[in-house]
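>>> Turn this into a structure:
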Amino acid sequence: MTLEILTPEKRLYNGEVYGVQLPGTDGLFEVLDKHAPLVSALGKGNIKVLETKSQTERFSIEGGFVEVLDNKATVLVEGAAPIK
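Alright, predicted model coming up:
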């Protein structure tokens, strides 16, 4: 699945991933490869990018939205920063 994480200022992430864990407004949820179409609001929390089953990358966000369509997840966020 292709994942793109965008802020109003720049692109934070773009690449092929196994899945992504997102902070929904009612709790965490995960989108994996070949997920059904989805649009959801995101709350304050952390995004966990599952690049492979053992390699991850994390971002802290203040909120936003995610759209999943045709095996591509587009995440639009405010107040995002990488977590090292």
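
>>> For the lowest-mean-pLDDT helix or strand in the chain, name the packing helices and strands.
Across the helices and strands of the chain, mean confidence by mean pLDDT, DSSP states H and E is lowest for strand 81-83: a mean of 93. If contacts are counted by 3 or more C-beta pairs under 8 Å, 6 or more residues apart in numbering; DSSP states H and E, strand 81-83 sits against strand 56-61. C-betas here are computed from N, CA, C, even on glycine.

>>> who does the helix or strand just after the strand it packs on pair up with?
Sequence-wise, the next helix or strand downstream of strand 56-61 (DSSP states H and E) is strand 63-69. Sheet pairing of strand 63-69 (DSSP bridges) gives strand 38-42 (antiparallel), strand 72-78 (antiparallel).

>>> Is Leu38 bridged to anything, and to what?
Beta-bridge partners, per DSSP bridges, of Leu38: Val68.

>>> Any idea how far apart the tips of stretch 70-84 sit?
With C-alpha to C-alpha, to the nearest Å as the measure, stretch 70-84 spans 30 Å from end to end.

>>> For it, list every residue counted as buried.
73, 75-77, 80 (16 or more other C-beta atoms under 10 Å).

>>> what's the answer for stretch 56-66, then?
In stretch 56-66, counting by 16+ other C-beta under 10 Å, buried: 57, 59, 61, 63-64, 66.

>>> Over to stretch 20-28?
20-23.
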